[in-house]
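*Asks:* A predicted structure for the sequence below; I have some questions about it.
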Amino acid sequence: MKNRRRPSPGFTLIEIILALLVISIGIVSVVGVLGSSVDSSAKSQQDILAVTFADMILNYCHAAGFEAVPTEGSLPIINTAGENETLPCGRISLYSGRLPAAQNGTDHEYTLSYLLNVTENSDVKTVQLDVWPGINAEAAEPIRFYTELYNWNQSR
């Protein structure tokens, strides 16, 4: 009878290569998801800044009322820091602002491009605001905001 050798304990080279292949596929997948989540986070932050800017302008227009919102020139507003500013109407412009820190943080400074148009049609003023995150207004489609102001004091 032949003397058969018992297999030695441990892993074969093929088993090790297969295990490394499975682990590397998992690591590549995690890295891919991580990259897309960072992109999504940056896009979300830009969208929040655009919405905050639009909220500041459109709410000011509603608070000021029909008569106080000009159709040409510039729009006087009060920014998030409580300071007076003027925003040009009818042309693409840059706006640099600062968001106050929420809690125990630092203020967040930002810059964006915008186009503010105010048109009047009898007793309705239409305010349209196009916002591009960052300084390049040609980089992408703008985020568009719209509201109407009514002249409630006009006698009929």
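*Replies:* All right, it came through fine.

*Asks:* now the strands for the protein?
*Replies:* 74-78, 84-88, 92-99, 108-121, 124-133, 143-150 (DSSP state E).

*Asks:* now those in CSV, with mean neighbour count and distance to L58?
*Replies:* Glycine gets a C-beta too; all of them are placed from N, C-alpha and C. Shown next, in CSV, are these (neighbours: other C-beta atoms under 10 Å; distance: least, C-beta to C-beta, whole Å):
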stretch, mean neighbour count, distance to L58
strand 74-78, 16, 10
strand 84-88, 13, 12
strand 92-99, 14, 14
strand 108-121, 16, 10
strand 124-133, 19, 6
strand 143-150, 15, 5
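
*Asks:* quick one: closest of those strands to V30.
*Replies:* strand 124-133 (28.0 Å; C-beta to C-beta).

*Asks:* report the inter-axis angle for the closest one versus strand 143-150.
*Replies:* Between strand 124-133 and strand 143-150, the angle comes out at 160 degrees (axes from the mean of the first three to the mean of the last three C-alpha atoms, to 10 degrees).

*Asks:* now do strand 124-133: everything it contacts.
*Replies:* With contacts defined as C-beta atoms under 8 Å, 6 or more residues apart in numbering, strand 124-133 is touched by 46-47, 49-50, 53-54, 57-58, 61, 66, 69, 71, 112-120, 139-140, 142-151.

*Asks:* closest to G35 out of the strands of the chain?
*Replies:* The nearest among the strands of the chain, by C-beta to C-beta, is strand 124-133 at 19.4 Å.

*Asks:* which stretches of the protein aren't confidently modelled?
*Replies:* By pLDDT under 70, the low-scoring segments of the chain are 1-3, 7, 101-105, 154-156.

*Asks:* try 50
*Replies:* Applying pLDDT under 50 to the chain flags residues 155-156.

*Asks:* could I get the strands of the chain in TSV, plus columns for distance to G32?
*Replies:* Putting those into TSV (distance: least, C-beta to C-beta, whole Å) gives the following:
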stretch	distance to G32
strand 74-78	43
strand 84-88	41
strand 92-99	32
strand 108-121	29
strand 124-133	24
strand 143-150	27
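
*Asks:* ok, now how distant is G97 from P142?
*Replies:* G97 sits 17 Å away from P142, going by C-beta to C-beta, to the nearest Å.

*Asks:* just the C-alpha atoms of stretch 135-145, please, in PDB.
*Replies:* The C-alpha coordinates for stretch 135-145 follow below in PDB (Å, rounded to 0.1, in the frame of the first residue of the first chain):
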ATOM      1  CA  ILE A 135     -18.800  82.700 -10.300                       C
ATOM      2  CA  ASN A 136     -19.400  81.200 -13.700                       C
ATOM      3  CA  ALA A 137     -22.900  81.900 -15.000                       C
ATOM      4  CA  GLU A 138     -22.300  79.900 -18.200                       C
ATOM      5  CA  ALA A 139     -21.200  76.700 -16.400                       C
ATOM      6  CA  ALA A 140     -24.700  75.200 -16.100                       C
ATOM      7  CA  GLU A 141     -28.400  75.800 -16.200                       C
ATOM      8  CA  PRO A 142     -29.500  78.300 -13.600                       C
ATOM      9  CA  ILE A 143     -31.800  77.500 -10.700                       C
ATOM     10  CA  ARG A 144     -34.900  79.700 -11.400                       C
ATOM     11  CA  PHE A 145     -37.000  81.400  -8.700                       C
END
